[in-house]
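> I'd like to go over a predicted model; first the sequence, then the structure.
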Amino acid sequence: MRGQRAGVMLMGLCLVGSACASATDSRAESVPIPGAAASQSEPEVSDATPDTPSGTTPETTAVTTTPDSTIAPSSTTTPDSTTTTTTSTTTSTVPELDVFEPRCVVEVQPGDSLGGIADEFDDPTVNIPTIQAENGLTDDVIYPGQLLDVCVDNGLDDRTGAETAPNQAIVDAARTEAVKAQQTKLNELFAGYGIRELLVDGVSGPVTQQRLCAARLALNLPVTRADMEAGSEEEQLLMSTEAIRQPFTSALNSERWILIDRTCQIMFAGEGDNGITFIFPTSTGEAGFETRDQDRSRAFRFDPALGNGGWHNSTTYPVAIDNPLNGNMYKPLYFDGGQAIHGSNNVPTTPQSKGCARLRVEDQDRLVAWLGLADAAGPTGDSRRINVTVNVQGSYD
C-alpha cells in the first residue's frame, strides 16, 4: 500500500553538496529543496486528511461502555455504577529500506510510473529526465520493488552511499525545465498586450532574454537581459506576480506615453498611470547612430505615406530590402529631429536601426490606431492631435 512505502520522497531538487531535509505528506516523508521557493503552481494543501507518519499505521483504541446501572431508591442509596472495557493500543511498524539514505530512496510500487513519481514533486526540475539520469535509466520502464534515488545530483548514490560526479544531463534537464516554467509565466504576464507568445521550449535565447528584461523593468528590478537563475529572489518575484506592472518612469506623468528601453529593446505604451496598453519588441539605433535619450518629448509629426502604401522613403538611409515597395519607414511617427518610431519588416532583438525605433508593421498599425491617426488624410504636424510623449532610456550592452 502507498502508506507503507519505505523511504521519504524528495519534494525538490537536491543540489550538489546540499543535505536533504524532511517534511511529511500523504505518501511518505519528503525532502525539500534547500533554497528553492514555492511557485504559483504549487498544489494547495488539503486539511481534509491529516498526515500519517511514514512506516506506521494509525493508533487504534476501541472503547466499549455499558449504560449506567442505577439501584432503585430505598432508605439506603449506592452511587451510580459504570463499567468500562478498553482494548489495548496496537502499532504496526514497516521497516525502513536497507539503503544508505532512506529519505532519498523510493521503492516502486505496482502501478507506479516515472511520470507519476515525478508529478508528486513540487519542483519542476525534478522530472523524468533527471530521475533517469540519477538512476542510470535509458528509458522510463520501472518495475515493482525497484529502488530509485530521488535526491538528484547531490553527489551521492543514496542507495549505496557511493560518491557520484556531477551529472551534466541532470543539470541540463533541470535548467530546461526551469526555463520552460519562466517562459510559461512570461506568456501569462504579457498576454493581451500585443506581444507574441514565447515558444515554451526551455531554450533561453535572445527573445526569451528580451522578455525577461521587460519583466524586470516592469517589476522594478535591475534591468538586464541576463538569464534568470532558478530559485533566485527575482525568479520568486516573477513567479508570484499576478499581473504586469507599469515601469517606474516619468512617462507616467503624460496623458499618453511611450517608453522605449534600449537595454531590453522593448517598448511600453499606456495612458497616464491607468495601466499599460501595449508592449512591443523594438530595435533601436546601432552604435554610432544611437536613439537619443528622451524625457517626455512630444511626438510632433506623423506621415501616413498614403502614396506608397504607408512606406516613407528615407533619403538619408535607404534600405530597400526592408520592404518590397522600396520604402523603409512604415508610417513614421517623429519625436526628435529625424528619429521616429516606424514599422519595418525586420525587427531584430538587437539595435540595428539608424537612430529610429523599429516596430513590426502590424504593431505600428496598432500604435497609430491607438493614437487616432489611422484615418489621417496626409502628413500632420499637429502635436496636440498626436498627443503622446516619448521616453527613451537604458543602454544596450
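In hand now; what should we look at?
> need the longest helix for this structure.
The longest helix of the chain (DSSP state H) is helix 168-190.
> for that one, list the C-alpha coordinates in PDB.
Taking C-alpha atoms only, helix 168-190 is exported to PDB below (Å, rounded to 0.1, in the frame of the first residue of the first chain):
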ATOM      1  CA  GLN A 168      25.600  17.200 -16.700                       C
ATOM      2  CA  ALA A 169      22.500  15.500 -18.100                       C
ATOM      3  CA  ILE A 170      20.700  16.300 -14.800                       C
ATOM      4  CA  VAL A 171      22.000  19.900 -14.800                       C
ATOM      5  CA  ASP A 172      20.800  20.400 -18.400                       C
ATOM      6  CA  ALA A 173      17.400  18.800 -17.800                       C
ATOM      7  CA  ALA A 174      16.800  20.900 -14.600                       C
ATOM      8  CA  ARG A 175      17.800  24.100 -16.500                       C
ATOM      9  CA  THR A 176      15.500  23.300 -19.400                       C
ATOM     10  CA  GLU A 177      12.500  22.700 -17.000                       C
ATOM     11  CA  ALA A 178      13.300  26.000 -15.100                       C
ATOM     12  CA  VAL A 179      13.400  28.000 -18.400                       C
ATOM     13  CA  LYS A 180      10.100  26.400 -19.500                       C
ATOM     14  CA  ALA A 181       8.500  27.500 -16.300                       C
ATOM     15  CA  GLN A 182       9.800  31.000 -16.800                       C
ATOM     16  CA  GLN A 183       8.600  31.100 -20.400                       C
ATOM     17  CA  THR A 184       5.100  29.900 -19.400                       C
ATOM     18  CA  LYS A 185       4.900  32.600 -16.700                       C
ATOM     19  CA  LEU A 186       6.100  35.300 -19.100                       C
ATOM     20  CA  ASN A 187       3.400  34.300 -21.600                       C
ATOM     21  CA  GLU A 188       0.800  34.600 -18.900                       C
ATOM     22  CA  LEU A 189       2.000  38.100 -17.800                       C
ATOM     23  CA  PHE A 190       2.400  39.600 -21.300                       C
END
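> what is the mean pLDDT for the helix or strand just after it?
Per DSSP states H and E, the first helix or strand lying C-terminal to helix 168-190 is helix 206-218. Across helix 206-218, pLDDT averages out at 97.
> list the helices and strands helix 206-218 packs on?
Helices and strands touching helix 206-218, by 3 or more Cβ pairs under 8 Å, 6 or more residues apart in numbering; DSSP states H and E, are helix 168-190, strand 257-261, strand 266-270, strand 276-281. Where C-beta positions appear, they are placed from N, C-alpha and C, glycine not excepted.
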